[in-house]
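Undergrad: show me how the following folds:
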Amino acid sequence: MEKIIPPHTYLELRLSQMETERSSWMSHWRELVDNFSPRRGRFDASDKNKGNKRNHLINNTPIFALHTLRAGMTTGLTSPARPWFRLQPPDPAMNEFAPVREWLDAVEKLMYRVFAASNLYKVLPLIYEDAGCVGTAAMIQEEDFHTITRFKAFAVGEYMLDTDGHDRVDTFGRKYQMTVKQVVDRFGYDKASSSTQSNYDSANYLTKVNVRNIIEPVKSYEHETLKLPDDFKFRSVYWEDSQSGSNEFLEVKGYKDLPILAPRWDAKAGDTYSYCPGMTALGDAKSLQVQERESGKAIAKMVSPPIVAPSSAKNARISLLPGAVNFDDDQSKVFRELYHVNVRTGELEDKIQKTERRIDKAMFVDLFFSISNMEGVQPRNIMELAERKEEGLLQLGPVLEGMYDDLIDPLIDRTFNMLVRLSEPGWRGMGPMMLPPPPQELAGQELKVEKISPLAQAQKLVSTGTVERFAGFVGNVANLNPAVLDTVDWDEMVTGMADDLGVPTKITLSDEKIAAIREARAQAEQQQSMQQNADAVVNAAKSLGDTPTTGGNVLNDVLGVGG
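TA: Okay, here's the model as predicted:
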C-alpha cells in the first residue's frame, strides 16, 4: 500500500520507535554485560574499537560460568565436529526409498561443507553468549561469492528488533558509525553524501559517519524509490543520517528470505526481547564482588592490622617490615594493634563458594559439567549418568525449542534455499549445479529438519529408554513363551531407535535392500535344504545298496535283480 509519508521520514521514524521500545532494557543490559561479559556490549560509539579497561570484576566466576554456557550450547546444539541436523522427507515412509535418501544425504553433506567453509562456527558462540547473558542475540546471514554464505554477529546495544503478529522477529534496525573510507569502500563514492565525499577527497579517511540501516518486510512500506522485484519479501536500506543533508540512499537491497536470525532465550508472549540466565544470576554476581572485596579487606586487616604508636615516634625511623630490628632506648616507642582482627576465613570462603555455586546453577554449568561437578555418589553406569543429565535437561528443554524455532530451523532453511537457487539453472541445463536435481518423489514437497545434536539426542533418551526396557521385558517373557516375539515389529523398533539416537542413515539399510537380503537368504536356505534332502536320498540309497539280503542286497531285491 502506497504511503504519503516520505521514505527518509518513514525510515527515521521507524528506527526512532524501535529505539524507544528498546530503551527500557538498556540499563539492565549494561549491568548484565558489566558483570558477565565486560567487553561484549556496544551501547554507544565509544564502545567500538577501544582498548579501555572494562573488566573491573574481582571474582571472575560469572565470566567463567557464561563461557561454560556458551561452550555447552555450541557443542551441544551446533558442534562443528559432529552432525547436528538431518533432512527428512515429509512422509517418513519415503525415507526408505533409496533415491530419496541418497539425495537428502548429498544435500546434508554439501550444507555441512558450506557451514564449515563459512565463519558460522566462529559466530555461533557469540550468539549463544549474548542469549545467555542478555536474553537476545542477532546475526545476519549474507550470500557470499567465495563461501556461498557469510555471517556477522551484532553486539547487544547496537541493534533494535521488532516482531510480527505472531511474535516472530521480522524487523532489524541499527544506528552505528563507519569511517569515511569504509562508507566509500562499502557503498561507492557516488552513493556517499557530499560531506563524506569532501572528507574522502581531503584524505580524512577516519572521520566518523553516522549510518542507519533497517531490514524489514517489503509490505511494511511501499514507495517508488524503494521498489524491488516482486520475488523479494524483505528489504534492507542503508542511509546517512539527516545531518549529512543527503536525500539519497547508500543502498537498497532485497532478500527472498529474512537474513536476520535473532534467537531469544525465553521470550514471553508480546515481548520483543527476552529473559535469560544472566538475569537470574545477576544478584549473586553483584553480591559475589562485594563478598570478595570485603573478604580481601578483612584478610588485609588481619595480616596488616591498624596500629597505635606514641607521638614521640612520629619522626622516628622505625621499620615495620617482617623481620626488621629496631633499636631504641625509649621503651615508650612501642607499636600495638588498635584492635585485634580475628577473621574466620573459612566461613568467608564458604559463603563465597555458595554464591559461586548459585551462579553456576543459574548458568547451567552443572548440566554441561555433569560428571566433573557432580556432587555425592558418582554414577555407577552410563544409564544412570544419562538419567541424571535428563533431570537437568528438563529446565533447558523449553530454551532448546526456542533455539530451534528462532535459530536452527531458519538457518538451515535459508542455506538450503540459497543452494537451490544456485542449482536451479544447472537443473535446466544452463550452468553448473551445486546440488543434484531432486527425485520426482520430492517435487513440491517441503522437507523437515530433524535435530541430532547431543542436546537433541539427550532429550530423546526418555523414549529410547522406554524402548530398551520394553525390549528387555519381551526378551525375558520369550524365554518362557517364544511365541511372544511375534507381537513386536522388530524392524520398526530398530529403525525408530536409530532415528532417536541420530545414527547416520548410511549405517541402516533401506527397505528394498533389507528385502533383497532376506530373499537371498531364503533362497540360500532353500537351496541348502534341497541339497541336504538330496544328500539324504543318496546316503539312503547307498545304505540300501550295501545291506546284504537273500538277493545280494536290498537294492537288488527291490529291483528284482539277482538269484
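
Undergrad: please report how far Ile58 lies from Lys286.
TA: Ile58 is 11 Å from Lys286, where distance means C-beta to C-beta, to the nearest Å. Every C-beta, even on glycine, is put in place using the N, C-alpha and C of the backbone.

Undergrad: kindly apply the preceding question to Gln532 instead.
TA: Gln532 is 83 Å from Lys286, by C-beta to C-beta.

Undergrad: Leu282 falls within a helix, correct?
TA: Yes. Per DSSP: H, G, I helix; E, B strand; the rest coil, Leu282 lies within a helix segment.

Undergrad: residues contacting it?
TA: Counting by C-beta atoms under 8 Å, 6 or more residues apart in numbering, Leu282 touches 31-32, 35.

Undergrad: now, which of the residues you listed sits nearest Lys152?
TA: Leu32 (22.0 Å; C-beta to C-beta).

Undergrad: can you tell me the element the closest one falls in?
TA: Here Leu32 sits within helix 7-36, counting by DSSP states H and E.

Undergrad: in the stretch 101-250 of the chain, where is pLDDT below threshold?
TA: 244-246 (pLDDT under 70).

Undergrad: quick one: the helices in it?
TA: Under the criterion DSSP state H, counting those that start in this stretch, helices of the stretch 101-250 of the chain are mapped to 120-134, 180-187, 194-201.

Undergrad: looking at those helices, which is closest to Gln528?
TA: Using C-beta to C-beta, these put helix 120-134 closest to Gln528, at 54.2 Å.

Undergrad: got the angle between the closest one and helix 7-36?
TA: Direction vectors for helix 120-134 and helix 7-36, defined by axes from the mean of the first three to the mean of the last three C-alpha atoms, to 10 degrees, enclose an angle of 80 degrees.

Undergrad: which helices and strands sit right next to helix 120-134?
TA: helix 7-36, helix 61-77, strand 138-144, strand 148-154, helix 277-303 (3 or more C-beta pairs under 8 Å, 6 or more residues apart in numbering; DSSP states H and E).

Undergrad: export those as JSON lines, with columns for distance to Gly173.
TA: JSON lines is the format used below for the helices and strands packed on helix 120-134 (distance: least, C-beta to C-beta, whole Å):
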{"stretch": "helix 7-36", "distance to Gly173": "5"}
{"stretch": "helix 61-77", "distance to Gly173": "26"}
{"stretch": "strand 138-144", "distance to Gly173": "10"}
{"stretch": "strand 148-154", "distance to Gly173": "11"}
{"stretch": "helix 277-303", "distance to Gly173": "23"}
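
Undergrad: with only the CA atoms kept, save stretch 80-93 in PDB.
TA: Output of stretch 80-93 as PDB, limited to C-alpha atoms (Å, rounded to 0.1, in the frame of the first residue of the first chain):
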ATOM      1  CA  PRO A  80      31.500 -28.400  14.100                       C
ATOM      2  CA  ALA A  81      32.900 -31.800  15.000                       C
ATOM      3  CA  ARG A  82      29.700 -33.900  14.500                       C
ATOM      4  CA  PRO A  83      26.400 -33.800  12.700                       C
ATOM      5  CA  TRP A  84      23.700 -31.700  14.300                       C
ATOM      6  CA  PHE A  85      20.800 -31.900  11.800                       C
ATOM      7  CA  ARG A  86      19.400 -34.200   9.300                       C
ATOM      8  CA  LEU A  87      16.900 -33.600   6.500                       C
ATOM      9  CA  GLN A  88      13.800 -35.700   6.300                       C
ATOM     10  CA  PRO A  89      11.000 -36.100   3.700                       C
ATOM     11  CA  PRO A  90       7.500 -35.100   4.700                       C
ATOM     12  CA  ASP A  91       6.400 -38.700   4.700                       C
ATOM     13  CA  PRO A  92       8.700 -40.900   6.800                       C
ATOM     14  CA  ALA A  93       8.000 -43.900   4.500                       C
END
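
Undergrad: list the buried residues of it.
TA: 84-89 (16 or more other C-beta atoms under 10 Å).

Undergrad: return the subset of these lying in strands.
TA: Mapping the buried residues of stretch 80-93 onto strands (DSSP state E) picks out 85-88.
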